[in-house]
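Enquirer: Turn this into a structure:
(chains A and B)
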Amino acid sequence: MATVLHITPARVIASNGKFDSNYRYVRASPAPQFFFATGRTCDVANGGLRYGGPAGDRYDDSNYNGSWTAPAGIGCRI
Amino acid sequence: MSLVATNNRIYIADGGQIVFDTNDNMPHIIGVGTYNVTVDFPDNPGKGIVSFTDACGGTQQEYQCTWENICRLQNVCRTETNYECSTNFVCEMFGGYLNCRPVTTCNWVMRTVCSLEEVCGWEQVCGFVTVCRPVTYYAQNYPAYDWESSVVIGSFPAGLPCDFVLVNAVAARTSGDGACTMPLGNWFPLSGSVVVESLMREDGTPWMRRIISVYPSGNHLILHAKSSSSAWWSDFGIIAPQLADFHSVYHLTLRVYMGKFR
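Expert: Here you go, the predicted structure:
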């Protein structure tokens, strides 16, 4: 029989396991552990590539001469 | 573990750390769509063959004749005729005395007289000479070229703009043969951007990059394609090269999971 709601001192399970307190649910957070990208993550200019991560990290080919910056991602943690 | 449910909030804490909280913005999928799109990367419109001719790029042997005024020292002999006279004394004994008298004899005398003289004259001089040979050199020229296109491939329900999209894609190529970096024919993640083509110079530095991006913008789902190549000349050679064709067409099927945080 499906578990509608199961509560013990160590665990909460609901909706046949769709919710389980043992899982680590992703939440938007101002103190993120990782990011969801919301737009482009790359640009090209002068034949070179710029990788711009949603956390502001960046990698440029030596010949990249553009000015694109990646849009900020949505910071998350679990 | 504690579960707290109030009128407008449910949260679960585990060892003092909240692991679930309805006050948090949490990602969830509000819709799924499949889109078929075609991306047509154009060829470089400014490409061409360039050439120059070096008037003395090579040499060759040619048999040539020229008229030259040549002078030589020659022993030239001429015949000279002179009327020459000589006087001899003719003596005779007469009365116990020697009686001498001059006798002059004249004659025409021919002599050959030779001397070294410079003799000049026009002569045809022939022989093999080294001459310049014009050589034409050719190179491929690709000027710097950037191209980009942004199209709306779908719309979200009004009032439900997405915060993010998760995209799986499968691509097929219908034109072009440049170095493709997508796993053609196989599903791959395309959330954000993906490098589609990448070509390098001889020294390994990038020369041309092409990318495709899929992302939400307001109520729209956007597909953005961009190509960029820097200026490049090939080495010059004596054989006219063929220009490469960088026109590429990709057909993509996108499986888009549209997500929100609240």
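
Enquirer: Return the distance of the nearest residue to residue B:237 once chain neighbours are set aside relative to chain A.
Expert: Distance criterion CB to CB, 6 or more residues apart in numbering or on different chains; nearest residue to residue B:237, sequence neighbours excluded, is residue B:138 at 6.2 Å. C-beta coordinates here come from the backbone N, C-alpha and C atoms, glycine included. According to CB to the nearest CB, to the nearest Å, residue B:138 and chain A sit 23 Å apart.

Enquirer: Let me see the mean pLDDT of the helix or strand encompassing residue B:138.
Expert: Assigned by DSSP states H and E, residue B:138 belongs to strand B:97-142. The average pLDDT for strand B:97-142 rounds to 91.

Enquirer: helices or strands next to it in the packing?
Expert: Contacting strand B:97-142 under the criterion 3 or more CB pairs under 8 Å, 6 or more residues apart in numbering or on different chains; DSSP states H and E are the following elements: strand B:48-94, strand B:232-233.

Enquirer: So which of those is the most surrounded?
Expert: When the helices and strands packed on strand B:97-142 are scored by mean count of other CB atoms under 10 Å in any protein chain shown, the highest mean neighbour count falls to strand B:232-233 (a mean of 14).

Enquirer: Up against chain B, what does chain A have?
Expert: Counting by CB under 8 Å from any CB of the partner chain, the residues of chain A lying close to chain B are A:7-12, A:19, A:21, A:24-29, A:36-49, A:54, A:61-63, A:74, A:76, A:78.

Enquirer: Show me those that map onto helices.
Expert: Judged by DSSP state H, the subset of these located in helices is empty.

Enquirer: of the residues you listed, buried ones?
Expert: Among those, those buried by neighbour count (16 or more other CB atoms under 10 Å in any protein chain shown) are A:12, A:21, A:25-28, A:36-49, A:54, A:61, A:63, A:74, A:76.

Enquirer: Now intersect those residues with the strands, please.
Expert: Cross-referencing these against strands under DSSP state E gives A:12, A:27-28, A:36, A:42-45, A:48-49, A:74, A:76.

Enquirer: Export those residues as JSON lines, with columns for distance to residue B:240.
Expert: Listed next are those as JSON lines, based on distance: CB to CB, whole Å:
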{"residue": "A:12", "distance to residue B:240": "76"}
{"residue": "A:27", "distance to residue B:240": "64"}
{"residue": "A:28", "distance to residue B:240": "60"}
{"residue": "A:36", "distance to residue B:240": "52"}
{"residue": "A:42", "distance to residue B:240": "37"}
{"residue": "A:43", "distance to residue B:240": "36"}
{"residue": "A:44", "distance to residue B:240": "31"}
{"residue": "A:45", "distance to residue B:240": "32"}
{"residue": "A:48", "distance to residue B:240": "30"}
{"residue": "A:49", "distance to residue B:240": "32"}
{"residue": "A:74", "distance to residue B:240": "55"}
{"residue": "A:76", "distance to residue B:240": "58"}
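
Enquirer: Output these as TSV; include the columns distance to residue B:252 and pLDDT.
Expert: Output for these, formatted as TSV (distance: CB to CB, whole Å; pLDDT from 0 to 100):
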residue	distance to residue B:252	pLDDT
A:12	42	87
A:27	32	91
A:28	30	93
A:36	22	92
A:42	16	95
A:43	20	97
A:44	18	97
A:45	23	97
A:48	24	95
A:49	20	96
A:74	25	93
A:76	28	94
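
Enquirer: ok, of the residues you listed, which one's closest to residue B:181?
Expert: Nearest to residue B:181 out of those is residue A:49 (CB to CB; 10.8 Å).

Enquirer: so how far is residue B:159 from that closest one?
Expert: 37 Å (CB to CB, to the nearest Å).

Enquirer: try residue B:132
Expert: Taking CB to CB, one finds residue B:132 at 79 Å from residue B:159.

Enquirer: Same question for residue A:41.
Expert: Where residue B:159 is concerned, residue A:41 sits at a distance of 27 Å (CB to CB).

Enquirer: Distance to residue B:196 and mean pLDDT for the helices and strands packed on strand B:97-142 - can I get that in JSON lines?
Expert: Output for those, formatted as JSON lines (distance: least, CB to CB, whole Å; pLDDT from 0 to 100):
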{"stretch": "strand B:48-94", "distance to residue B:196": "25", "mean pLDDT": "91"}
{"stretch": "strand B:232-233", "distance to residue B:196": "19", "mean pLDDT": "90"}
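
Enquirer: Nearest residue to residue B:72 in space, please, no chain neighbours.
Expert: Excluding the flanking residues, the one nearest residue B:72 by CB to CB, 6+ apart is residue B:119, at 5.7 Å.

Enquirer: Residue B:139 against residue B:237, yeah?
Expert: Yes. In this structure, residue B:139 is within contact of residue B:237 by CB atoms under 8 Å, at 7.3 Å.

Enquirer: Strands along the stretch 151-262 of chain B, start to end?
Expert: Under the criterion DSSP state E, counting those that start in this stretch, the stretch 151-262 of chain B contains strands at B:164-175, B:188-189, B:192-200, B:206-217, B:220-229, B:232-233, B:248-260.

Enquirer: Could you say which of those strands is packed most deeply?
Expert: For these, the highest mean count by mean count of other CB under 10 Å goes to strand B:206-217, at a mean of 23.

Enquirer: That one near chain A anywhere?
Expert: Yes. Using CB under 8 Å from any CB, strand B:206-217 comes into contact with chain A via B:206-211, B:213, B:215-217.
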